[in-house]
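Participant: The following block contains a protein sequence and its predicted model.
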Amino acid sequence: MKSSIIKLLLLSFSTLLFACSSPVKQVIVSPEINLGNSNVFQQKQAQIHFTDLRPTNHIVEILRIGEVAQLYPPQQTIVSVVEQSLSAALKANGLQIQPLAANKVEVLIDNAVITVHQDLLKYGASNQMNIRVVINNAQGTLTKSFKVSGTSNGPLKADLAVLERDFNQQLAKLLTQIVQSKELQQFIE
């Protein structure tokens, strides 16, 4: 009888503890690339592979002195978002993505994070995104790095929705740089 009461109390306590815990917040990554359609890659084919080389999954980290960092992962993996967005933008500009094409393109995500330093009455945020594109074909190998960074400051507490918006704008800017790169356009045969 005592053991069943203890089990019931433990179950009730566990349920209460999990009910009071805050839900895991995730950042929605959805960059909007507004390039329009062009034919800069017309008659060109490539196979494309995407790899996330970041050591951790989160894209927002909020740091407070003397506290454990708050880490916010993306709702969908960053590599799948970059793959969907960049592939769609390249196709809209005439590139045919084929699994056996002579042009082999590797998109490597080296960094994509917003770091927030939260103080009592203010915050400072800095973001950095680095993506490398490596193209192998009959001409040889071309490696080109693309980088976007920025900072922002504000009163009181950092708003996750604002950080999410900034992240999406920066990622869209970075992916646009990749699609519009004359060097990449010329190297893809």
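Facilitator: Thanks, I have the structure now. What you are looking at is a predicted structure, and each value in this text was computed from that prediction instead of being measured.
Participant: got the phi/psi numbers for the most centrally placed residue in the chain?
Facilitator: Centre of the chain computed as the mean C-alpha position; nearest residue by CA atoms, centre = their mean is residue 78, 3.9 Å away. Residue 78 has phi and psi values of phi -60, psi -40 when expressed as degrees, to the nearest 10.
Participant: how near is it to residue 26?
Facilitator: 12 Å (CB to CB, to the nearest Å). (C-beta placed from N, C-alpha, C; glycine too.)
Participant: Also residue 184?
Facilitator: Going from residue 184 to residue 26 by CB to CB gives 32 Å.
Participant: go on, residue 115?
Facilitator: Distance, residue 115 to residue 26, using CB to CB: 18 Å.
Participant: Show the pLDDT at residue 19.
Facilitator: We have a pLDDT of 40 for residue 19.
Participant: Between residue 184 and residue 26, tell me which one has more neighbours.
Facilitator: Each of residue 184 and residue 26 has its neighbours counted (other CB atoms under 10 Å); residue 184 has more, 21 against 16.
Participant: Would you confirm that residue 137 contacts residue 102?
Facilitator: Yes: using CB atoms under 8 Å, residue 137 is in contact with residue 102, at 5.5 Å.
Participant: Give me the common contacts of these two.
Facilitator: Shared contacts of residue 137 and residue 102 (CB atoms under 8 Å, 6 or more residues apart in numbering): residue 189.
Participant: which sections of the protein are below the confidence cut-off?
Facilitator: Counting by pLDDT under 70, the ranges of the chain that qualify are 1-24.
Participant: And the strands in it, which stretches?
Facilitator: According to DSSP state E, the chain carries its strands in the segments 45-52, 60-63, 70-72, 96-97, 104-118, 122-137, 140-155.
Participant: Pipe these into CSV and attach distance to residue 169 and mean neighbour count per row.
Facilitator: What follows is these, written out as CSV (distance: least, CB to CB, whole Å; neighbours: other CB atoms under 10 Å):
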stretch, distance to residue 169, mean neighbour count
strand 45-52, 20, 16
strand 60-63, 14, 18
strand 70-72, 17, 17
strand 96-97, 26, 13
strand 104-118, 11, 19
strand 122-137, 10, 18
strand 140-155, 9, 13
